[in-house]
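In: got a predicted structure plus its sequence, pasted below:
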Amino acid sequence: MDDNHALILPVFYLGNIQYWSKLVHQKNIIFNDIENYPKGSFRNRCHIVSSQGLLRLSIPLVGGKHAGQKYTEVKIDQKENWQKKHWQSLGTCYGSAPFFHHYAEKLSTIYERPVINLWDWNLNLTKMVLSMIPIELPDIRFLSDGEVSEPNLNLSQFFSPKPRYNLSDETWINIEYPQVFENTLGFLPNSSILDLIFCQGPYALNVLRKSYLSDKQGDLSKF
């Protein structure tokens, strides 16, 4: 993909490795801040690896029905103390990971801050995770900044936590790396980016680069 082109991406809650392989590969990223909120997506959930297998962490939302509501207007329900629960789950699952304690202090600060808006939470967390990966940060813009025309590529609806809705992706290949519970579970692919970062630290970038095939076998324009 030409460096002058931009990739339009949704903003997820700790998106999976497939998503992040595209995000870190591009120099120009446009986050979709004008879309309506779709139910059943990675926007309020992520998958981490626990001793029992994949564990879904879900952010509770105010109201429960968000069809037609702007994503940037969706509010988080704080009655369940979800931030504390999610951080405890991350500690339980990754406390023994090689790089967990290297990043834990920085990450814990964001889980201690009060939060109201789902978009703001996801965007701030995405930027924090980007700062943990040793790359030159991409140029980040937003769809609301102005019109985006072809040949920019829009992957806003490409990723789904439900396997039956996943589209074929010729630009991504699963790359294995040591996981905390691999001896008992085997390798569990394409979980949250935090699984990769906690297990591989700065070497996470090597996995993300190897898993991205656009310049070799795939073609993003097929999306």
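Out: On my side now, so go ahead. Numbers count the residues shown, from 1 in each chain.
In: partners of the least confident helix or strand in the chain by mean pLDDT in the sheet?
Out: Every helix and strand of the chain was ranked by mean pLDDT, DSSP states H and E. The lowest is strand 153-154, at a mean of 79. As defined by DSSP bridges, the strand partners of strand 153-154 come to strand 7-9 (parallel).
In: give me the helices and strands touching whichever helix or strand comes after the partner strand, please.
Out: Sequence-wise, the next helix or strand downstream of strand 7-9 (DSSP states H and E) is helix 17-25. Contacting helix 17-25 under the criterion 3 or more CB pairs under 8 Å, 6 or more residues apart in numbering; DSSP states H and E are the following elements: strand 7-9, helix 118-132, helix 193-200, helix 204-211. (Each C-beta comes from the backbone N, C-alpha and C, glycine too.)
In: okay, those in JSON lines with mean neighbour count and distance to Glu170 next?
Out: Compiled in JSON lines, those are given as follows (neighbours: other CB atoms under 10 Å; distance: least, CB to CB, whole Å):
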{"stretch": "strand 7-9", "mean neighbour count": "21", "distance to Glu170": "15"}
{"stretch": "helix 118-132", "mean neighbour count": "18", "distance to Glu170": "25"}
{"stretch": "helix 193-200", "mean neighbour count": "25", "distance to Glu170": "21"}
{"stretch": "helix 204-211", "mean neighbour count": "18", "distance to Glu170": "12"}
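In: turn those into CSV, including distance to Ile59.
Out: Output for those, formatted as CSV (distance: least, CB to CB, whole Å):
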stretch, distance to Ile59
strand 7-9, 19
helix 118-132, 7
helix 193-200, 15
helix 204-211, 23
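In: which among the ones you listed is found nearest to Thr171?
Out: helix 204-211 (9.2 Å; CB to CB).
In: list of residues touching that closest one?
Out: Helix 204-211 is contacted by residues 17-18, 20-21, 24-25, 133-135, 172-175, 177, 193, 196-197, 200 when judged by CB atoms under 8 Å, 6 or more residues apart in numbering.
In: rank the helices and strands packed on helix 17-25 by pLDDT, which is bottom?
Out: Among the helices and strands packed on helix 17-25, strand 7-9 carries the lowest mean pLDDT, a mean of 90.
In: report how many residues lie close to Pro138.
Out: Other residues near Pro138 come to 17 when the count uses other CB atoms under 10 Å.
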